[in-house]
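Student: Okay, here's the prediction I keep looking at, along with the sequence it came from:
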Amino acid sequence: MIGVIILVVVIAIFVWSSNQEQTALNGEQKSIIKPIPTNHVVLKSRITNGTNQPASTLTYTQATAAYVGKTVQFNDSCQAVPSGMAIKQNTKILFDNRSKIAKTIIVDNMTFALPAYGWTIKTISATQALPYAVSISCKSATGAQGGGTLMLEANISNPANLK
């Protein structure tokens, strides 16, 4: 399942990169301008509900019980609850859509969909020096927008993380 997700992400990045490519022809000169990637967060999908749900996943009740204090819920207006949370590197977070309207969630420029009343568990880790503020944005088809922040804390016991 993780391999399929990685393949989809790689294909999406390739398609996005191809669409972003701009060429300018001036006589025989050709220049290609490509955007510089700005993602500093790595998302690893662990569990997703919906039609692509693996058979051996947690139920919604089990997930909400297991991720108390590590859950970000989105309401009808796309507001994140809580709007801020401090977490450690490689923490699994439950993203939970409590609305009848599907949402698009953007975590530090990486996008995933949450169907109506859908949920997913993602592992959050940063490639940047810690501490690092991870932005979360929510958008819905109704135009509602909201968001929040996950603050990735430095691991004090590991001096390499203190830069």
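Tutor: That came in fine, so what should we check first?

Student: Run through the bridge partners of the residue nearest to Gly118 when sequence neighbours are not counted.
Tutor: Leaving out its chain neighbours, the residue that sits closest to Gly118 by Cβ to Cβ, 6 or more residues apart in numbering is Asn97, at 5.1 Å. For the C-beta atoms, the positions are set from N, CA and C on the backbone; glycine is no exception. Asn97 forms beta bridges with Phe74, as assigned by DSSP bridges.

Student: Leu152 now?
Tutor: Ile87, Tyr132.

Student: ok, it - contacts?
Tutor: Going by Cβ atoms under 8 Å, 6 or more residues apart in numbering, Leu152 touches 87-89, 124-126, 130-134.

Student: do that again at 10 Å, thanks
Tutor: 40-41, 86-91, 124-126, 128-134, 161 (Cβ atoms under 10 Å, 6 or more residues apart in numbering).

Student: Mind giving me the PyMOL select for the residues you listed, buried ones only?
Tutor: Of those, the buried ones go into a single PyMOL selection, burial set by 16 or more other Cβ atoms under 10 Å:
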select buried, resi 40+41+87+89+91+124+125+126+130+132+134
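
Student: Now do Tyr132 against Thr104, distance only.
Tutor: 23 Å (Cβ to Cβ, to the nearest Å).

Student: cool, and Leu114?
Tutor: Relative to Thr104, and taking Cβ to Cβ, Leu114 is found at 8 Å.

Student: Neighbour count for those two, which is higher?
Tutor: Ranked by neighbour count (other Cβ atoms under 10 Å), Leu114 and Thr104 place Leu114 first, with 24 against 15.

Student: doesn't Val107 make contact with the more buried one?
Tutor: No - between Leu114 and Val107 there is no contact under Cβ atoms under 10 Å: 11.5 Å.

Student: Let me know the pLDDT of Lys34.
Tutor: On pLDDT, Lys34 comes in at 33.

Student: Low-confidence ranges, this structure, go.
Tutor: Applying pLDDT under 70 to the chain flags residues 1-56, 157-163.

Student: ok, back up a step: which neighbours do Leu114 and Val107 share?
Tutor: With Cβ under 10 Å, 6+ apart as the test, Leu114 and Val107 both reach Phe95.

Student: picking that back up, need the overlap of contacts for Leu114 and Thr104.
Tutor: Joint contacts of Leu114 and Thr104 (Cβ under 10 Å, 6+ apart) are 138, 140.

Student: would Ala113 count as being in a strand?
Tutor: Yes - looking at Ala113 with DSSP: H, G, I helix; E, B strand; the rest coil, it is inside a strand.
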